[in-house]
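Student: Here is my input, please return the structure:
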Amino acid sequence: MESEYVEKVWINPRHPKRIYTAKWIIEIPPGEPYVIVRPRSDRGATPHNLLVYATIDALRDDIDGYRADSVHYPGLKELNISLLVGKHRIDLITSHNGELRYWEIKTPREIGEDRTWEQIRDYAEHLREVNLVTTEDAVENAREIIKTLGLTDKVKLWVVKPHLGGPNEKSELIYIPIDKE
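Tutor: Got it, this is the predicted structure:
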């Protein structure tokens with residue numbers, strides 16, 4: 001096996017830890033139970049896309065097909081429908097027995113952004129139900145914002161736990177109830 005040298009190590013507030021070698025980028029997301037290792041040429045393996053992929057992985061046995069932006073899941077049928085809902089593109093649409101479900105996936109950083117909640121409000125106006133998926137670190141923040149905006153009847157909150165790469169492993173998707181106050 002050829003040895004590699006570490007080309008660059010730096011800390012940036014937007015990307016807390018990335019290690020660059022000649023062939024790989026290793027990202028260590030803050031507070032997450034995983035690291036992201038990707039070839040340097042792969043621009044699509046962002047933390048957000050990892051969560052989209054993990055969400056499809058968790059749903060794979062319960063869906064007939066899906067449509068996702070920038071993510072391909074081998075072995076599942078891709079739907080030929082638009083991701084545009086209102087003024088925004090939703091991250092994932094799944095189909096089960098002809099029923100469509102709409103999923104917006106957000107990293108902990110994205111949960112705190114105004115743009116996220118503008119999207120969620122827009123989706124809530126156009127859809128019967130929106131499924132919001134995030135990580136455990138962002139659940140309390142998301143829950144409070146959903147309650148504050150009065151979207152408890154329209155938005156279902158989920159946590160995704162990626163278990164990617166291991167044989168016979170499947171990511172987990174856990175429903176988080178939101179109390180109406």
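Student: Any idea how many residues pack against the residue nearest to Tyr73 when sequence neighbours are not counted?
Tutor: Nearest non-adjacent residue to Tyr73, counting by C-beta to C-beta, 6 or more residues apart in numbering: Ile56, 4.5 Å away. Any C-beta I mention is one placed from the backbone N, CA and C, and that applies to glycine too. Residues within reach of Ile56, counting by other C-beta atoms under 10 Å, total 23.
Student: Spatially central residue in this protein, please.
Tutor: With distances taken as C-alpha atoms, centre = their mean, Leu51 lies nearest the centre of the chain, 3.2 Å away.
Student: Tell me which helix or strand Asn141 sits in.
Tutor: In this assignment (DSSP states H and E), Asn141 forms part of helix 139-148.
Student: helices or strands up against that helix?
Tutor: Packed against helix 139-148 by the contact rule (3 or more C-beta pairs under 8 Å, 6 or more residues apart in numbering; DSSP states H and E) you find helix 108-111, strand 130-134, strand 155-161.
Student: Looking at the ones you listed, which is nearest to Arg67?
Tutor: strand 130-134 (14.3 Å; C-beta to C-beta).
Student: outside of the closest one, which residues touch it?
Tutor: Contact partners of strand 130-134, identified using C-beta atoms under 8 Å, 6 or more residues apart in numbering, comprise 51, 55, 101-108, 111, 120, 123-124, 142, 146, 154-160, 173.
Student: Out of the helices and strands packed on helix 139-148, which one sits most buried?
Tutor: strand 130-134 (a mean of 24; mean count of other C-beta atoms under 10 Å).
Student: That strand pairs with which strands, parallel or anti?
Tutor: Sheet partners assigned to strand 130-134 using DSSP bridges are listed as strand 99-105 (parallel), strand 155-161 (parallel).
Student: could the ones you listed go into a markdown table alongside mean pLDDT?
Tutor: Shown next, in a markdown table, are the strands paired with strand 130-134 (pLDDT from 0 to 100):
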| stretch | mean pLDDT |
| --- | --- |
| strand 99-105 | 97 |
| strand 155-161 | 96 |
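Student: Can you lay out the ones you listed as CSV showing distance to Leu79?
Tutor: Formatted as CSV, the strands paired with strand 130-134 follow (distance: least, C-beta to C-beta, whole Å):
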stretch, distance to Leu79
strand 99-105, 8
strand 155-161, 20
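Student: To Asp137, which of those strands lies closest?
Tutor: Closest approach to Asp137 among the strands paired with strand 130-134 (C-beta to C-beta): strand 155-161, 9.5 Å.
Student: Contacts for the closest one next, please.
Tutor: Against strand 155-161 from outside (C-beta under 8 Å, 6+ apart): 33, 51, 54-55, 58, 105, 120, 124, 129-136, 139, 142-143, 146, 171-178.
Student: Now the buried members of those residues.
Tutor: 51, 54-55, 58, 105, 120, 124, 130-135, 139, 142-143, 146, 171, 173, 176, 178 (16 or more other C-beta atoms under 10 Å).
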